[in-house]
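Participant: Everything below, folded, please.
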Amino acid sequence: MSGLRGSLGAARPGWVWGAAALLALGALLGAWRWAGRRRRRRLQRVGTVLRLFVYPVKSCKGVSVRRAQVTPMGLRSGDMRDRFWLVITEDGHMVTARQEPRLVLVSVGCDDGHSTFEAPDMEKLCLPVNVPRKNPVHNCRVFGQDIQGRDCGDEVAQWITTFLKSQPYRLVHFEPSMVPRKSKNAINLFRNTDEVAYPDCSPVLLLSEASMDDLNTRLEKKAKIQNFRPNILVADCSAFEEDTWEDILIGDVEMKGTVCCGRCILTTVNPDTGVMDRKEPLETLKSYRLCDPSERHIYKTSPLFGKYFAVDKTGTIQVGDPVYKMIWE
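Facilitator: Prediction:
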């Protein structure tokens, strides 16, 4: 008997360990199921894509497209990539419509492997999209950050300089092998993985039609969507509802809302004449669209209009696509 009790006593720790392991496994499975439930995604339709724009050259006219690829660094339509071309001074500093308002009159297109440039009283210029490798690479400065760009040649440089009646300017192109700028270096709320070529700070800018309509009820002379240069214009939502969107789904593209877009003097450039007003619509926006005082360290005195989005999942979007807010439950 004593031997039997001894053997049972020796066996007991094994049973204890077995039971403990089963309990631990059960707890793990329960936690996994709970986490699965917690991460379930619900889609809530919040709008419809009304228009899509790609801006090949920073500050030049946008191109309205029906369909676009959304890459980690912004919209693409064929050879046109959003703000992958930049006008610079000869020492590499960026030139935008803030300095040269008439840039907004330059139309840029890409077709059959060629870029086209058109502007009032200028002959149309066609250039190969692929810049010759022998062309020099410039070290450029965009909002205080270093970035490279390959020179697009003397012909287009002279064309731009002649049209603007300015000091000599160059046009550069960002190439895939070049190091992009970190969005986080412009606004700290972006992630380390969010990157851009020559946009101000974000791969995608979204604005709603209702927000435009609301602003225009307050203006004597109505503003145009071209004053604000969004990539995505959304219909079927209320004014400024886009401010509240965090994770959204359009087509098969997932994007994360980061910060609202603080507006500057560029919005006062008339997109039809290239003349800078310096007042409207910026002054009216400042009268009712300033940030909460707790966010002044981000936006300072810039009024908010539209929202910046980073890209979590690439894909294709098109006009007419529903816009869904992704809600995690």
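Participant: mind checking how far residue 277 is from residue 74?
Facilitator: Summarising the geometry, the distance separating residue 277 from residue 74, computed by Cβ to Cβ, to the nearest Å, is 28 Å. Every residue, glycine included, has its C-beta placed from N, CA and C.
Participant: Comparing the two, which residue is more hemmed in?
Facilitator: Neighbours of residue 277 and residue 74, each counted by other Cβ atoms under 10 Å, are more numerous for residue 74; the result is 25 against 17.
Participant: residues contacting the more buried one?
Facilitator: By Cβ atoms under 8 Å, 6 or more residues apart in numbering, residue 74 lies in contact with 81-83, 196-197, 199, 203-204, 231, 311.
Participant: which residues of this protein fall in helices?
Facilitator: Chain-ordered helices for the chain, with DSSP state H as the definition, fall at 2-38, 154-164, 209-216, 282-288, 296-299.
Participant: CA-only coordinates of the second one in CSV, if you can.
Facilitator: Coordinates of the C-alpha atoms in helix 154-164 are reproduced here as CSV (Å, rounded to 0.1, in the frame of the first residue of the first chain):
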residue,chain,number,x,y,z
ASP,A,154,17.8,73.1,-71.1
GLU,A,155,14.7,73.2,-73.4
VAL,A,156,12.1,72.9,-70.7
ALA,A,157,14.1,75.1,-68.3
GLN,A,158,14.2,77.9,-70.9
TRP,A,159,10.5,77.4,-71.7
ILE,A,160,9.5,77.8,-68.0
THR,A,161,11.9,80.8,-67.5
THR,A,162,10.5,82.5,-70.6
PHE,A,163,6.9,82.0,-69.6
LEU,A,164,7.4,83.3,-66.0
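Participant: and that helix, what does it pack onto?
Facilitator: With contacts defined as 3 or more Cβ pairs under 8 Å, 6 or more residues apart in numbering; DSSP states H and E, the packing partners of helix 154-164 are strand 114-118, strand 125-128, strand 169-173.
Participant: Show me what the last one pairs with in its sheet, parallel or antiparallel.
Facilitator: Strands flanking strand 169-173 in the sheet, each with its direction: strand 85-89 (antiparallel), strand 145-151 (antiparallel) (DSSP bridges).
Participant: Pull the residues that contact the first one.
Facilitator: This means strand 85-89. Around strand 85-89, the neighbours that count as contacts under Cβ under 8 Å, 6+ apart are 56-59, 94-96, 100, 103, 108, 115, 138, 140, 142, 149, 152, 160, 167-174, 197-198.
Participant: Write a ChimeraX command that selects only the buried members of these.
Facilitator: In ChimeraX, this line selects whichever of those come out buried by 16 or more other Cβ atoms under 10 Å:
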select :56,57,58,59,94,95,96,100,103,108,115,138,140,142,149,152,160,169,170,171,172,173,174,197,198
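Participant: dump the residue contacts of residue 206.
Facilitator: By Cβ under 8 Å, 6+ apart, the residues touching residue 206 are 230-234, 242, 245, 306-309.
Participant: Residue 285: which of these is nearest?
Facilitator: Of all the contacts of residue 206, the one with the least separation from residue 285 (Cβ to Cβ) is residue 306, at 10.8 Å.
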